[in-house]
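Visitor: Any chance you could fold what I've pasted below:
(one chain, ligands or ions: 3)
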Amino acid sequence: MRVSDHPTIPAPQVGVLLVNLGTPDDASPAAVKRYLREFLSDRRVVEIPALLWQPILRGIILNTRPKKSAANYAKVWDHDAGDSPLRVITRAQAAALQPIVPGALVDWAMRYGSPSIPARLAALKEAGCTRILIAPLYPQYSAATTATVMDKVFATLNGWRWQPALRTLPPYHDDAAYIDALAASVEAGLATLDFEPEVVLASFHGMPARTLKLGDPYHCHCQKTARLLREKLGWPEGKLRLTFQSRFGRAEWLKPYTDPTLRALPGEGIRRVAVVAPGFAADCLETLEEIAIQGRESFEHAGGERFAYLPCLNASTRGVAMLRTLVARELEGWIAPA
Ligand SMILES: C=CC1=C(C)c2cc3[nH]c(cc4nc(cc5[nH]c(cc1n2)c(C)c5CCC(=O)O)C(CCC(=O)O)=C4C)c(C)c3C=C
Ligand SMILES: [Fe+2]
Ligand SMILES: [Fe+2]
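Guide: Ligands and ions are numbered 1, 2, ... in the order given. Okay, here's the model as predicted:
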């Protein structure tokens, strides 16, 4: 009998922590203000010296934006679940993953707001996990998303005497499992429409343009995802166009911008369009409100005739199977392959 087989020595407990961005606790301006204060105070997200930025954030932005954002959250809030779509879907992803990752405890957290990374790491530790895979659900790496999750994890462990062993899920922007799942989901989404779009936009969350010059791979990761998706679908170059959405502030962000593109398409003679958001693991304010509501309005006001928003992979069977492939690969050597 090997030591690891000895009945009195328990096998190491393995934990998996799915992490997404975060969302307010409710759709009230007060809750949105609390969430935005934490989110926009992260130096990985807004890379302006704190002495300059904090007065702008506290003096202007947190006095104006929460009311407007709260009204937008109210439009997409999941009233059945009584929660924000991002939290509902992330919870569902973890629940669906649990039975197909035997040997690991699957949990989930939000980088900003609740449930927090410190709270869920503590829960995994409490459950006896001595090995934890951190899985930020961002296919494309960016310092503003992936790196800040790791910062929070490491800062949490900084206070612990007995730390778990850690692994981290690498970006999966060009992973065949992800591209295949995306392509199948786009094909299935298009098959439900009663029209054929002339153009499909692949809309990714934007980043300040200067982050590209500073060496952030995000822009390149988005380009590669869009190219691989188009190739997998067997489409010609013009059929899938990459755009960047959710611009914030007055600085230049990565281009082309989604909303102006939607407004310009009818002028190019393109009247039927579908939008997919491959950078989002879960539908959220940025897809359900900014694209599916505001984007549609922009397109139709400019003369567009047919518009469809295709949902994210979310907790769909193929989305969860893709996550399982990614997670199981990283757990090799920690748990026996299923
Ligand atoms: C400087 C500001 C922002 C950067 C940089 C940024 C990068 C970034 N964000 C996501 C994913 C999401 N962002 C979401 C909401 C959101 N993003 C910003 C600003 C920046 N994002 C704000 C102010 C907000 C809040 C809403 C609003 O007031 O407009 C969300 C949705 C959250 C939800 O509750 O549904 C996601 C997801 C990525 C992937 C990214 C960089 C690659
Ligand atoms: Fe964002
Ligand atoms: Fe937005």
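Visitor: now the closest residue to ligand 1 within the stretch 51-200 of the chain: how far from residue 90?
Guide: At 3.6 Å from ligand 1, residue 69 is the closest residue in the stretch 51-200 of the chain, using CB to the nearest ligand atom. Heads up, the C-betas are built off the backbone N, CA and C, glycines and all. The gap separating residue 69 from residue 90 is 19 Å, by CB to CB, to the nearest Å.
Visitor: higher neighbour count, the two?
Guide: Remark: of residue 69 and residue 90, residue 90 carries more neighbours, 27 against 19, as counted by other CB atoms under 10 Å.
Visitor: If I look at the closest residue to residue 304 other than its chain neighbours, what pLDDT would I see?
Guide: Excluding the flanking residues, the one nearest residue 304 by CB to CB, 6 or more residues apart in numbering is residue 266, at 4.8 Å. On the pLDDT scale, residue 266 is placed at 98.
Visitor: Pull the contacting residues for residue 266.
Guide: 299, 302-304 (CB atoms under 8 Å, 6 or more residues apart in numbering).
Visitor: Counting neighbours, which of those comes out on top?
Guide: residue 299 (26 neighbours).
Visitor: And for the strand or helix carrying that one, what's in contact with it?
Guide: For residue 299, the host element (DSSP states H and E) is helix 296-301. Contact with helix 296-301 is made by 259, 262-263, 265-266, 273, 307, 309, as judged by CB under 8 Å, 6+ apart.
Visitor: same check, this time on stretch 136-144
Guide: Contacts of stretch 136-144 (CB under 8 Å, 6+ apart): 18-20, 42, 44-45, 90, 93, 145-147, 149-150, 168-173, 175, 178, 204, 207, 211, 216-218, 221-222, 225, 278-279, 281-282, 323.
Visitor: can you pull out the strands in the chain?
Guide: 13-22, 104-112, 129-136, 165-168, 199-205, 240-245, 272-276, 306-310 (DSSP state E).
Visitor: Show the end-to-end separation of stretch 109-124, please.
Guide: Counting by CA to CA, to the nearest Å, you get 11 Å between the two ends of stretch 109-124.
Visitor: what comes up buried for that stretch?
Guide: With burial defined by 16 or more other CB atoms under 10 Å, the residues of stretch 109-124 counted as buried are 109-113, 115-117, 120-121, 123-124.
Visitor: likewise stretch 229-241?
Guide: Buried positions in stretch 229-241, judged by neighbour count with 16+ other CB under 10 Å: 229-230, 232-233, 240-241.
Visitor: same question, stretch 37-49
Guide: Of all the residues in stretch 37-49, those buried under the rule 16+ other CB under 10 Å are 39-41, 44-46.
Visitor: CSV for those residues, including pLDDT and distance to ligand 1?
Guide: Compiled in CSV, the buried residues of stretch 37-49 are given as follows (pLDDT from 0 to 100; distance: CB to the nearest ligand atom, whole Å):
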residue, pLDDT, distance to ligand 1
39, 98, 6
40, 98, 6
41, 98, 11
44, 98, 9
45, 98, 5
46, 98, 5
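Visitor: where does stretch 46-66 sit relative to the chain's centre, distance-wise?
Guide: Distance of stretch 46-66 from the chain centroid (CA atoms, centre = their mean, to the nearest Å) equals 24 Å.
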